[in-house]
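Colleague: Kindly generate the corresponding structure for this input.
(one chain, ligands or ions: 2)
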Amino acid sequence: MASTRRPLHPCSGCGKEVRPQQQAILCDSCHQWRHRLCVTNITQAMYRQINKELKQGGSFDWTCPSALPTTHQSAQALVLAVLRPAIQQKNCLMSA
Ligand SMILES: [Zn+2]
Ligand SMILES: [Zn+2]
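Modeller: Ligands and ions are numbered 1, 2, ... in the order given. Next comes the predicted model:
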C-alpha cells in the first residue's frame, strides 16, 4: 500500500502543512497549529509582539476560533483577552 502523505503539522484552518517559515500559532485548547493568515484575529503586529515576549522568556496562550465557544465578543476583543494573561507555555510560535 502506498503511504498517504499527511501533513506533520496540519493547519486547523486550511488543513495544509504548517511550514517552519510560515507564521503559525499553536492552539492551547485543541493543540493544533494554525497559520496566522488562517486566523483572522491575529495581526502581523500582534504576532511580532507575541514572538518578542516568547524570546524574552514569556509565554503565550492562544485558543483558535474553532476551539472557542461562540460569543458575542468581537474577534479583536478575544485576542486581547488571551494576550494579556500570557504566561504559562513556551515556544508556541512556529516562526517569527
Ligand atoms: Zn492554514
Ligand atoms: Zn484550537
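
Colleague: buried sites along the lengthiest helix in the chain?
Modeller: Ranked by residue count under DSSP state H, the longest helix found in the chain is helix 44-55. For helix 44-55, the neighbour count (16 or more other C-beta atoms under 10 Å) marks 46, 47, 50, 51, 53, 54 as buried. All C-beta spots, glycine's among them, are computed from the backbone N, C-alpha and C.

Colleague: Looking at the residues you listed, which is nearest residue 30?
Modeller: Closest to residue 30 out of the buried residues of helix 44-55 is residue 50 (18.3 Å), distances taken as C-beta to C-beta.

Colleague: separation between the closest one and residue 59?
Modeller: 9 Å (C-beta to C-beta, to the nearest Å).

Colleague: now residue 43
Modeller: Computed as C-beta to C-beta, the residue 43 to residue 59 distance reads 20 Å.

Colleague: picking up where we left off before, need the buried residues of helix 44-55 in TSV (columns: pLDDT and distance to residue 24).
Modeller: TSV is the format used below for these (pLDDT from 0 to 100; distance: C-beta to C-beta, whole Å):
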residue	pLDDT	distance to residue 24
46	88	13
47	88	9
50	86	12
51	86	11
53	86	17
54	85	13
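
Colleague: What are the buried residues along stretch 9-17?
Modeller: 9, 11, 12, 13, 17.

Colleague: right, I mislabeled it, should have said stretch 19-27
Modeller: 22, 23, 24, 25, 26, 27.

Colleague: how long is that stretch from one end to the other?
Modeller: Terminal residues of stretch 19-27 are spaced 16 Å apart (C-alpha to C-alpha, to the nearest Å).

Colleague: do that stretch and ligand 1 meet?
Modeller: No. Between stretch 19-27 and ligand 1, judged by C-beta under 5 Å from the ion, nothing touches; the nearest distance is 7.6 Å.

Colleague: picking up where we left off before, using TSV, lay out the buried residues of helix 44-55 together with distance to residue 38.
Modeller: Formatted as TSV, the buried residues of helix 44-55 follow (distance: C-beta to C-beta, whole Å):
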residue	distance to residue 38
46	15
47	13
50	16
51	18
53	22
54	20
